[in-house]
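Visitor: Predicted model, plus sequence, below.
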Amino acid sequence: MQQKDQGFTLIELMIVVAVMGILASLAIPSYQGFVAKTQVGLVVSELDTYRTAYEANIEDREFINNGGLGSMASQFTIGSAATEIATANADGSGHLQVTLGGRVLGSLAGAVVRFERNTDGRWRCVIDTDGATGWRNSYLPAGCVAS
C-alpha cells in the first residue's frame, strides 16, 4: 500500500508564521536603528567636508557663503542651495549648520547638526536633538555630542 504525501498541517503553518513574525519584530527596529545612524553619519560627514573651505575663506578674509564653500543641498536635510549653512562672527568663531529632513527617517527629522568653531579655530560637532521626536543617543556618530 502506498502512502500519500500529506503536506503541512494548519498548526505547523501557524507556528512557522508566528516564528517569522517574532523574528521580524526583532529585526525591523534594529534595521531602522542602523539606517538612522547611517543617515546621521552621512550628514555629519557631508557637513565636515565644508570645514576646510570655511577655514580657507576665513584665512583669505572672504565672505563665507554656500558658493564659496561648495555647498550643495543634501537629500537628508531641509533647505535648498540658497539656504546658507555657514555663520562667521567677527571674533573668529562661527558654525556650519544643517537641519535633518527631506528623505531622512521621520524619527530624525528636525535634529540640527552643527560644527561649532571657537575663537581659537577648534571645531566641535554638536547635534541638537530637541526637534527630533524619536532621537536615540545610539545614533550619535563618534566625535559628536548631543545637546
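Guide: On my side now, so go ahead.

Visitor: Every contact and neighbour count from this point should use C-alpha atoms.
Guide: OK.

Visitor: tell me the strands in this structure, going along the chain?
Guide: In the chain, the segments counted as strands under DSSP state E are 86-88, 94-99, 112-117, 123-128, 144-146.

Visitor: what angle separates the fourth one from strand 94-99?
Guide: Okay, so that is strand 123-128. Angle, strand 123-128 to strand 94-99, by axes from the mean of the first three to the mean of the last three CA atoms, to 10 degrees: 30 degrees.

Visitor: now strand 123-128: how far from the chain's centre is it?
Guide: Put simply, strand 123-128 sits 13 Å off its chain's centre (CA atoms, centre = their mean, to the nearest Å).

Visitor: tell me what that strand is packed against?
Guide: For strand 123-128, the contact count by 3 or more CA pairs under 8 Å, 6 or more residues apart in numbering; DSSP states H and E identifies strand 112-117, strand 144-146 as packing neighbours.

Visitor: What is the least confident helix or strand in the chain?
Guide: Ranking every helix and strand in the chain by mean pLDDT, DSSP states H and E puts helix 66-69 at the bottom, with a mean of 86.

Visitor: Need the pLDDT of residue 9.
Guide: pLDDT, residue 9: 88.
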